[in-house]
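Participant: next one to model:
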Amino acid sequence: MRHPIHAVKIIGLLLLILLFIMSMTMSAKAAEPVSLLKMTKQKTPRSTQITLELSALPKFTTAKSGQRFDLLLGNVQLAPDLRSLPEDEKIVKFLFAQKKEELLISIVLRRSPENIIIESKQQPAQITINIDWETNASSRPAIAFQITDMPPRKAGKRAAKFQQESPWKGRWDDFFRDYRTLWQLKLPLSFTFPQLPKLITDDGSPLWPLQQHADNNMFLSLLQTATGLSELDQQQRYIRDLFMAEAQLRTGAIESGITRIDALRRQKGAEQLRVEYLTAYGQALQGQPFVAQLTLQQLLPKLDENHPLLPLVHFLFAETALDSDQNQVALEQLQTPEINWPKTLQIPLQLRTADANSGLGNLDLALNAYRDLAEEPGLFDVYRCSLNRAAFSAFKAEDYRFANHLYRKLIDPLIEGPGDDLLLFAAGLSADEAGDRGWGMIGLQRATLDRPDTEGGDRATLRLIDKKWINGGELEREQSATAYAQLAETSHFRIVREESQLKYALTLYLLGAHQESIESLLYFQRNYGSSPLVREANLLILQQLPTVVRQLIENQNDLQAVVLAEKNRKLLLRSGFDKGFLRDLATAFNRLGLYERSTRVLLYLFDRSSGQPDHEFIYLPLAQSYSKRKEYQEAGRYARRYLEKFPHGEDSGALFGILLDAFEREGDQDQLLAWLDRKDRPSSTALEIRAANIYGQLGRWQDLVNSLETITRSGETLQVKEMALQGEGYYQTNQNNAAVKIYNQLVNDPQFGTQARYRTAQILLRQQQRTAALNLLQQVVDADGSSPWGKLAQDLLIEEKR
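Facilitator: Numbering: from 1, shown residues only. Modelled structure (predicted):
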């Protein structure tokens with residue numbers, strides 16, 4: 001019996017060991033960091049979707065500030081083979097900062113989004129960031145943890161009207177002189193490193209020389225002296241290293257300084273707040289402004305309102321915000337209430353406030369400060385980034401003299417580096433705009449010669465072409481057109497190609513080469529559909545399209561004409577079209593025999609122009625196109641709709657004729673007569689003649705007379721055929737004198753003379769003038785006895801002689 005009990009104890013011990021091992025394994029597994037394995041991006045015009053694929057789903061928090069979005073992932077590290085996503089037209093860059101066990105992903109955006117929606121999944125482990133660039137609902141939070149499929153909101157009438165209008169309409173020559181696209185140039189920001197609070201106050205301390213060097217800004221000497229110090233206790237070594245870390249950051253030995261600071265942070269000594277400040281400063285110098293801001297955010301709550309580091313922390317926060325285009329954040333930091341700013345920061349404070357206002361578009365506030373600060377000796381030599389902001393602000397505010405003055409400081413002497421081509425261009429352009437044509441020309445030419453194939457060089461070339469067009473004669477203008485075309489083809493910079501391409505098309509338009517201009521504009525539409533100049537391109541197409549279509553039709557290039565019109569049918573709908581253009585278009589289709597195609601295009605225009613003034617003009621060519629296809633019922637339907645909607649419209653007569661055609665073709669005599677008998681029906685010479693013929697066929701002679709008298713009362717003279725018809729009407733209604741008057745005019749007509757004499761003889765018989773009637777009948781028989789009217793005359797003559 002004891003053996004089984006012993007076995008149970010052994011099994012229990014084994015189970016205990018197994019559970020311990022499992023718990024250790026699970027704990028180790030739980031402690032394993034999550035890996036960020038892959039990032040993907042999908043784009044539409046209205047949104048960008050970024051998907052993060054992870055080994056497991058971590059805890060995360062988000063924050064949004066203007067043009068920056070932060071995602072903080074807990075216990076996450078980057079996979080070694082992770083590839084960051086490239087920038088695009090919406091996203092400037094992705095920044096990664098590993099901070100202890102957390103991974104910060106900062107996404108810097110070119111403009112503030114409407115919404116950011118976060119979605120997470122367990123299987124597979126994913127975090128999806130949906131950035132909406134347009135509003136999809138009337139009210140939604142800035143960051144939402146849900147996805148709602150809603151249709152995009154369409155632009156209203158005012159937006160559509162704005163898209164069609166252009167400030168350059170009617171003043172295209174001014175476009176060459178006044179239109180410009182602003183450039184983007186961001187020089188490296190020089191962070192301000194103010195005097196820090198004293199570390200040593202005892203002049204008997206072995207570290208006192210280091211403090212003296214720091215007070216006198218002699219940091220290279222400080223490093224040399226610190227290296228020679230020995231026999232220091234632990235606290236003294238700590239302070240020495242703190243001096244050296246600061247000196248290394250100030251003298252450009254950034255990596256060494258940060259390494260020393262990291263060691264000091266781990267010691268957690270008495271000057272930990274100073275160490276944290278220097279850490280943030282080092283991060284800013286390393287190009288990690290967002291990481292520096294995180295460090296400063298953690299530092300701020302530890303500083304009371306009288307701590308000497310408090311204003312320095314706020315100022316560094318503002319500078320990191322400026323460095324990352326968070327201008328509002330920078331301004332808020334600089335305007336933090338109840339901050340006692342040290343005297344050494346007063347001038348930099350004014351300068352950085354001006355920088356923030358400049359970035360926010362508060363140009364008047366910024367320029368007032370910049371003008372005052374321009375008198376500070378040597379200030380802009382140190383703060384070249386601010387000097388560039390000041391110059392650019394002055395240019396945007398059209399204070400070209402001040403802009404010229406500041407840009408000259410930036411290029412004299414020119415410091416070679418990224419963006420120096422744009423500085424040369426900006427200096428030349430601002431001088432030219434300031435009225436200093438000589439320096440302006442020299443500056444622009446210098447940019448083209450010294451910096452070819454750069455954005456600044458190409459912009460300068462473009463401006464020089466503009467000046468040639470503005471000031472030149474016919475020959476120079478033709479040369480300018482060629483130069484625009486060449487630059488549009490060869491420039492490596494899209495913004496230059498866009499402007500050059502449109503100006504090339506515009507020069508062709510102004511030189512009268514309308515067909516070539518439209519071809520160039522269509523190329524612009526295909527290749528630069530998102531350009532801000534699309535509005536001008538569309539307007540130029542619309543201004544020339546009717547002329548070009550008409551020219552093509554006159555030259556028998558009907559197919560080219562209809563293809564051109566079809567390519568631009570949506571544009572025509574948005575902006576309108578005239579009656580003449582529709583007539584030309586219908587003519588081209590009909591001459592090509594493309595009746596069905598003509599109908600489809602006209603129906604497209606008809607359906608989508610409903611409610612617009614141009615809608616009225618489409619009925620006639622549309623009804624005519626159906627008639628050409630022998631679809632008379634449809635032709636009549638559109639004719640009837642027009643006459644009911646526009647009874648006195650310009651096309652009412654022609655469409656009334658089409659309606660009559662439809663009734664005749666369909667054999668609907670009742671409707672035919674009902675419309676003819678309407679008192680308010682359209683009237684014209686052609687319609688009244690047609691009505692008279694119909695009435696004659698039906699024996700409604702008085703209605704026939706009324707129709708033809710409508711013509712003569714208007715002062716028009718009837719043709720011979722209609723005179724014969726009118727005479728017949730008078731004869732049939734016993735209006736003998738009126739009939740004889742007509743027949744006397746027709747008696748010698750080769751076609752209707754026989755009829756006129758025969759009917760005159762019948763009228764004479766009515767009037768009891770038998771002898772005269774018989775003589776006239778005999779003349780008819782003798783002259784034309786074999787004709788129908790002659791045979792009738794012969795029969796009547798025999799009858800009367802009996």
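
Participant: now do the spatially closest residue to residue 69 that is not a sequence neighbour against residue 49, distance only.
Facilitator: Distances taken as Cβ to Cβ, 6 or more residues apart in numbering put residue 107 closest to residue 69, at 4.6 Å, once the chain neighbours are dropped. (C-beta placed from N, C-alpha, C; glycine too.) The spacing between residue 107 and residue 49, counted by Cβ to Cβ, to the nearest Å, is 12 Å.

Participant: more crowded one of those two?
Facilitator: Set side by side, residue 107 and residue 49 give different neighbour counts by other Cβ atoms under 10 Å, the larger being at residue 107 (22 against 16).

Participant: just checking, next helix/strand downstream of the helix or strand hosting that one?
Facilitator: For residue 107, the host element (DSSP states H and E) is strand 102-109. Following strand 102-109 in sequence order, the next helix or strand is strand 115-121 (DSSP H and E).

Participant: give me the common contacts of residue 107 and residue 49.
Facilitator: Any residue near both residue 107 and residue 49 by Cβ atoms under 8 Å, 6 or more residues apart in numbering counts here, and that gives residue 129.

Participant: check what pLDDT residue 537 gets.
Facilitator: On the pLDDT scale, residue 537 is placed at 92.

Participant: pull the number of nearby residues for it.
Facilitator: For residue 537, the neighbour count with other Cβ under 10 Å is 25.

Participant: helix or strand for it, which one?
Facilitator: When elements are defined using DSSP H and E, residue 537 is found to belong to helix 534-554.

Participant: restrict that helix to CA atoms and write it as PDB.
Facilitator: Provided in PDB are the C-alpha atoms of helix 534-554 (Å, rounded to 0.1, in the frame of the first residue of the first chain):
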ATOM      1  CA  VAL A 534      -6.100  73.100 -65.000                       C
ATOM      2  CA  ARG A 535      -8.700  75.800 -64.700                       C
ATOM      3  CA  GLU A 536      -6.800  78.100 -67.100                       C
ATOM      4  CA  ALA A 537      -6.200  75.200 -69.500                       C
ATOM      5  CA  ASN A 538      -9.900  74.300 -69.600                       C
ATOM      6  CA  LEU A 539     -10.800  77.900 -70.200                       C
ATOM      7  CA  LEU A 540      -8.400  78.300 -73.100                       C
ATOM      8  CA  ILE A 541      -9.800  75.100 -74.600                       C
ATOM      9  CA  LEU A 542     -13.300  76.400 -74.400                       C
ATOM     10  CA  GLN A 543     -12.400  79.700 -75.900                       C
ATOM     11  CA  GLN A 544     -10.800  78.100 -78.900                       C
ATOM     12  CA  LEU A 545     -12.900  74.900 -79.400                       C
ATOM     13  CA  PRO A 546     -15.800  76.500 -81.500                       C
ATOM     14  CA  THR A 547     -13.300  78.200 -83.700                       C
ATOM     15  CA  VAL A 548     -11.200  75.100 -84.200                       C
ATOM     16  CA  VAL A 549     -14.200  72.900 -84.800                       C
ATOM     17  CA  ARG A 550     -15.500  75.300 -87.400                       C
ATOM     18  CA  GLN A 551     -12.100  75.600 -89.100                       C
ATOM     19  CA  LEU A 552     -11.900  71.800 -89.300                       C
ATOM     20  CA  ILE A 553     -15.300  71.500 -90.800                       C
ATOM     21  CA  GLU A 554     -14.700  74.200 -93.300                       C
END
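
Participant: mind listing what's buried along that helix?
Facilitator: Neighbour counts over helix 534-554 (16 or more other Cβ atoms under 10 Å) mark 534-546, 548-550, 552-553 as buried.

Participant: what do you get for stretch 416-427?
Facilitator: Across stretch 416-427, burial judged by 16+ other Cβ under 10 Å covers 419-427.

Participant: how close does residue 359 sit to residue 76?
Facilitator: According to Cβ to Cβ, residue 359 stands 33 Å off from residue 76.

Participant: next one: residue 775
Facilitator: Taken as Cβ to Cβ, the spacing of residue 775 relative to residue 76 amounts to 123 Å.

Participant: okay, buried residues for the helix or strand containing residue 470 please.
Facilitator: Here residue 470, judged by DSSP H and E, is contained in helix 455-471. Using 16+ other Cβ under 10 Å as the test for burial, helix 455-471 gives 455-467, 469.

Participant: ok, of these, which one's closest to residue 482?
Facilitator: The shortest distance between residue 482 and any of the buried residues of helix 455-471, using Cβ to Cβ, involves residue 465 and amounts to 9.6 Å.

Participant: OK, contacts around the nearest residue in space to residue 408 that is not next to it in sequence?
Facilitator: Counting by Cβ to Cβ, 6+ apart, residue 408 lies nearest to residue 427, which is 6.1 Å off, once chain neighbours are set aside. With contact set as Cβ under 8 Å, 6+ apart, residue 427 has these partners: 404, 407-408, 410-411, 443.

Participant: returning to what we had before: list the contacts of the helix holding residue 470.
Facilitator: By Cβ under 8 Å, 6+ apart, the list of residues contacting helix 455-471 from outside reads 173, 176-177, 183, 420-426, 428-429, 432, 441, 443-445, 447-448, 450-451, 476-477, 479-480, 483-484, 487, 491-493, 495-496, 499-500, 503, 507.

Participant: much appreciated, bye for now.
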